[in-house]
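Chemist: mind folding the following:
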Amino acid sequence: MRPIYGIALTLLLAAPFSAPAFAVEPDAPQALISRADAIRIAVQTRLAEKFTATTELKKDEKGALVEYYAVPQQKLLWVDENGLTDRGKQVIAEIEKADDYGLRASDYALPDMTGFDAGASDPADKLAAAEIEISHAVLDYAHDARGGRINPTSLSKNLDPTLVLPKPLEVIESISYRSDPGAYLRSFQPQHPQFELLRKKLIELRGGGADAPEAEKVEVNIPSGPLLKFGVADPQVALLRTRLDVPDGPNPELYDEAVLEAVKQFQAEHNTTPDGVVGPSTRRLLNKPHLRNMGSPDQINAILLNMERHRWLPADQGSFYVTVNIPEFTLRVMKDDEPVHTTRVVVGKPNTPTPVFSNEMKTVVFGPYWNVPNSIKVEEIRPYVRPSGGFFFGGGGWNTQIFQRQNLRIKYGGREVDPGSVDWNRVDIRTLHLYQPPGPHNVLGKVKFMFPNKHDVYMHDTPQKHLFANQVRAESHGCMRVQNPDQLAAVIMEHDKGWSHARTQSSMDTAYDQHVALGRPIPVYITYFTLKVNEDGSITNYRDLYGHDSRMSAALLKGRTQFAERDDQIVTQSIPQRQRTRGGNPFEEMLSSF
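Modeler: A predicted model of the protein is given here:
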């Protein structure tokens, strides 16, 4: 801070805030700073204090605020010399509605400006603290609304969505010139139609349905107002005591231990999180207790988890994209937010799950080769290549009939190798290129849809058509097998290439390793939604196939940011036993499950 500003601030803070900054003599110089400048200097002073960042996010937020408020001409965002501005009140009101969007209003620290006195001894410092506190809450809210509350990959390597989190400086600079800062903050919430249906259902299940019948009158209503929580002193706390029959104590307006326990008990009885914080949702229940049984905790938690998964998708998914919902075993091609093609899929088994991620489809391959992954070479091929009958008696040789029966080929150094000529005791099978050429028995069928990714999964046809009749279709090694691949190919090729259905079908029937590069990459979203709200307000639930709900619930709803469960602790009970047990050759079962 420059010395002249430090002197001016000291003089200004020493006088009542309602009085002029300086007593000006006729020939004396004019006051050097305004009251707004005094608050700005107090903000800069606070931000210049030593700060130990607990996370990279907090470090970035602090840096953004330091950079924003360091510019002299930057206006204060939320306060002026009289207290909270209309902008400040708007943004606080929006943050206090966070529960309605699947977040927690209690996660965002907001200043209590009740009874603020502009003529108090140190108003600039209190206003500066409020300005910074609201700015931090704004940045935290924007970060959380876009999916930043948990790191999905810390829960499972198979939860790998591409998160696009807002940059703190861009948020604070953008909100500074918005005429409606509350609406801007709300824009960070997912705009997907299903998210809005989930949001409305959440409010309904928490007792806020607009059409809910009035069955019980409450003598004491708690009006809209600030968040009430432990340690806060507010006139509404006295109303809260009366409403919950809590004795007044030494200070009726103080939210003390007795009030905290009464609020927690009320929240638990009314199927909402017992965090002891009275925000919009708890106020609705206090004023309409007859709605206490509108939704069970499990229903509400399931909605919260699926709302969070919408934050993993981009705000703009594109006008044309492909999406697979794993628990639903369903693929959809979407155009302008409407499905133009829907079909069944087979997804990964619980011990070889299909990952949750996003990428872009760039190539369609007609008549594809199948290149065998190393994991399958090591775990599911090599154990079934055995010595022939006379090997241990000097006869030598290996039983490699499985290669011929499944039309599997081997290359080493670019040259074809006879499986019978390989000394399987000495060779590392991972050094061999194992593949299956195009043909009627190829495990990928007639077509595959490529969207390159680190998980090495894609969509493809399959000769195992009977599996599509199963209700639970978790049978693959992670790739997605498509029931009607000719129709999916026709939709994609018509959209991208203008191909006729006949031309696509011809490639399906006759092509041999024909790679068709798409002119415009098509977004692909592999999702994991276990609950859907239908247009009529009813709910459809899907099986938590891989146990991701429990992982997310532990991390998100119970306040844990890490989850130690390993991916091999799978939910095998999700698959009926009769569908998981087969007879026959284990290697051939592997081929049918790819």
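Chemist: so where's the stretch 151-300 of the chain shaky on pLDDT?
Modeler: 209-218, 289-294 (pLDDT under 70).
Chemist: which residues touch the closest residue to Ile303 other than its chain neighbours?
Modeler: Nearest in space to Ile303, with sequence neighbours left out and distances taken as C-beta to C-beta, 6 or more residues apart in numbering, is Leu202 at 5.0 Å. For glycine as for every other residue, the C-beta is placed from the backbone atoms N, C-alpha and C. For Leu202, the contact set (C-beta atoms under 8 Å, 6 or more residues apart in numbering) comprises Asp100, Gly102, Ile300, Ile303, Leu304, Met307.
Chemist: measure Leu202 to Tyr412 for me?
Modeler: Distance, Leu202 to Tyr412, using C-beta to C-beta, to the nearest Å: 58 Å.
Chemist: just the buried positions in the helix or strand containing the residue nearest to Ile303, please.
Modeler: Under the criterion of DSSP states H and E, Leu202 resides in helix 193-203. For helix 193-203, the neighbour count (16 or more other C-beta atoms under 10 Å) marks Gln194, Phe195, Leu197, Leu198, Arg199, Lys200, Lys201, Leu202, Ile203 as buried.
Chemist: same question, stretch 515-530
Modeler: Those would be Val516, Leu518, Ile522, Pro523, Val524, Tyr525, Ile526, Thr527, Tyr528, Phe529, Thr530, for stretch 515-530 by 16+ other C-beta under 10 Å.
Chemist: neighbouring contacts of stretch 95-105?
Modeler: Residues contacting stretch 95-105 (C-beta under 8 Å, 6+ apart): 107-108, 110, 137-138, 141, 144-145, 149, 185-186, 189, 198-199, 202-203, 206, 208, 226-227, 273, 275, 277, 279-281, 303-304, 307-308.
Chemist: please export the C-alpha coordinates of stretch 36-54 as CSV.
Modeler: C-alpha atoms of stretch 36-54 as CSV (Å, rounded to 0.1, in the frame of the first residue of the first chain):
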residue,chain,number,x,y,z
ALA,A,36,-15.8,3.9,-1.4
ASP,A,37,-12.0,4.2,-1.8
ALA,A,38,-11.6,3.6,1.9
ILE,A,39,-13.5,0.4,1.6
ARG,A,40,-11.5,-0.6,-1.4
ILE,A,41,-8.3,0.1,0.5
ALA,A,42,-9.5,-2.0,3.3
VAL,A,43,-10.3,-4.8,0.9
GLN,A,44,-6.8,-4.6,-0.6
THR,A,45,-5.3,-4.6,2.9
ARG,A,46,-7.2,-7.7,3.9
LEU,A,47,-6.2,-9.5,0.6
ALA,A,48,-2.5,-8.5,1.2
GLU,A,49,-2.5,-10.3,4.6
LYS,A,50,-0.6,-13.6,4.8
PHE,A,51,-2.6,-16.4,3.4
THR,A,52,-1.9,-20.1,3.6
ALA,A,53,-3.8,-21.8,0.7
THR,A,54,-5.3,-25.2,1.7
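Chemist: buried set for it?
Modeler: Asp37, Ala38, Ile39, Arg40, Ile41, Ala42, Val43, Gln44, Thr45, Arg46, Leu47.
Chemist: the fifth one should be in a helix, yeah?
Modeler: Yes - going by DSSP: H, G, I helix; E, B strand; the rest coil, the assignment for Ile41 places it inside a helix.
Chemist: can I assume it is in contact with Ile33?
Modeler: Yes - at 7.1 Å, Ile41 counts as touching Ile33 under the criterion of C-beta atoms under 8 Å.
Chemist: tell me the two of the buried residues of helix 193-203 that are most distant?
Modeler: Using C-beta to C-beta, these reach their maximum pairwise distance at Gln194 and Ile203, which is 15.3 Å.
Chemist: report the buried residues of the longest helix along the chain.
Modeler: Longest helix in the chain, counting residues (DSSP state H): helix 123-145. Neighbour-count burial for helix 123-145, counted by 16+ other C-beta under 10 Å, picks out 123-128, 130-145.
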